[in-house]
Structures are given as C-alpha cells and as structure tokens.
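Novice: Predicted structure and sequence below. I'll ask about it afterward.
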Amino acid sequence: MFMDEESSDVVFEVGPTNVTKSRKKAKPSPVNFYAHRFILHVSASALADMCENAGNVSIANVKPDIFRHALYYAYGGKVSDEDMETNAKEIIDAADIFGMANLKLEAEASYVNSTDIDVDNMMDNLLYADAKNCALLKEAVIDFVAENGDDVLENVSLKDIPGGMFADLLTAVTRGKKQAANADANAVSLNTLRVSE
C-alpha cells in the first residue's frame, strides 16, 4: 500500500512550492507522495490532521527524502541504520512535526549513539534537546557536564540556558564533583535525571 497512487486518498506535495524560471538555478519542483488517511490516523496523528479536509497537502518545511522515511515508517517500514544516523536531526524534526513519537525516539537514540558530545557542541545539543523535548539527548549532555564540569564552566557561556535547565546542569555538576570526591561512587545516589536506567 505504501505509495500506491490508485488506492490513495491523499497526496502530499513535499518540497519547495515556488519554482522560478529565471537564469538562476530553478528550484526543484515538489515531489508527490501518495498515502491513505486511515493509516496516517493510526501512526502519524498530526500528519493525518493536516489532510483532514484536503486531498492535496503541501509540505515545504521537510525535505522529500526525509518525508519518504517518515511516511515509510508510518506504513510499518523501518528506516535503515545508515539513513537514521545520517539524517537523525532532520528525522527528529519531521517526526516531531508529524506526531510520530516512536520514530522520533529511534532517531534521537541514533543521534545520541552517533554523536560525540564535547565542549564545543554541548550547548547546541542541550538547547536542541530542550526545544524538541529530547530526554535522551538532554541526559547525554548532562552526563557530559557531570563528567567535565570544570572544563564546561571554564569554556562554555551559560547565559543562554533556559531557567528550568539551569537547575539540571547545577545538579549534574554537583553530582560529578561528589563522585570525583568520593572514593566509593556507589555512595552517591543522585539519579533523579536518569531516563535510561
């Protein structure tokens, strides 16, 4: 049924909607994806809501290849590990838009497993995790802060951190310092931010 034009009851036009015919490079025209509302209602609620009153739906804020992954997943398919790793953030964004929680979680896990968090990218990752409600990514960044608190405090400006996350970071730095100070790391039990345990 995936991409079956004959039985579909909705068409998604994905990609740029303005095609210019000047001397400059023409933007590619939108790509059509054929879908079925009843499948979308079960697996992609926000995407289903977009096509509730229309047979053709334009989507300009998602690349066609990312939309293909999301739609294929909605039909019960699996995004390859390579594609998931290569496009993790874009898939997270699309899954967030289309209400596909399981796809978002898989993409987030792939992103966390394939990304080395360091002083240079920790703030971007933390703000992204907060904006997209990515608990696994937030936990990975906070673990990095706990392990590298002094380095983070010396090299990262904390002025852009949202108020609610400041307490989380402070707890992480405190946890890291207590673990370093204690010979017996098992004596410290500050696992209140753990998602994966």
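Specialist: Right, received. Where do you want to start?

Novice: okay, CA-based contacts and neighbour counts for the rest of this
Specialist: Noted.

Novice: ok, now which ones touch residue 64?
Specialist: Counting by C-alpha atoms under 8 Å, 6 or more residues apart in numbering, residue 64 touches 14, 15, 30, 31.

Novice: Correct me if wrong: residue 129 contacts residue 138.
Specialist: Yes: contact status for residue 129 versus residue 138: in contact at 5.4 Å, counting by C-alpha atoms under 8 Å.

Novice: neighbour count winner among those two?
Specialist: Shown here are residue 129 and residue 138; by other C-alpha atoms under 10 Å, residue 138 has more neighbours (24 against 19).

Novice: helix/strand/coil for that one?
Specialist: Secondary structure state of residue 138, per DSSP: H, G, I helix; E, B strand; the rest coil, is helix.

Novice: surely it meets residue 122?
Specialist: No: using C-alpha under 8 Å, residue 138 is not in contact with residue 122, being 9.6 Å away.

Novice: number of nearby residues for the closest residue to residue 84 other than its chain neighbours?
Specialist: Closest residue to residue 84 apart from its sequence neighbours, by C-alpha to C-alpha, 6 or more residues apart in numbering: residue 107 at 6.0 Å. Here the count is done by other C-alpha under 10 Å, and residue 107 has 26 residues near it.

Novice: Report all helices and strands that the helix or strand where residue 123 lies contacts.
Specialist: Residue 123 belongs to helix 122-132 when elements are defined using DSSP states H and E. When contacts are defined as 3 or more C-alpha pairs under 8 Å, 6 or more residues apart in numbering; DSSP states H and E, helix 122-132 packs onto helix 135-147.

Novice: could you redo the last one with a cut-off of 10 Å?
Specialist: For helix 122-132, the packing partners by 3 or more C-alpha pairs under 10 Å, 6 or more residues apart in numbering; DSSP states H and E come out as helix 88-98, helix 101-114, helix 135-147, helix 163-181.

Novice: This completes my enquiry, with thanks.
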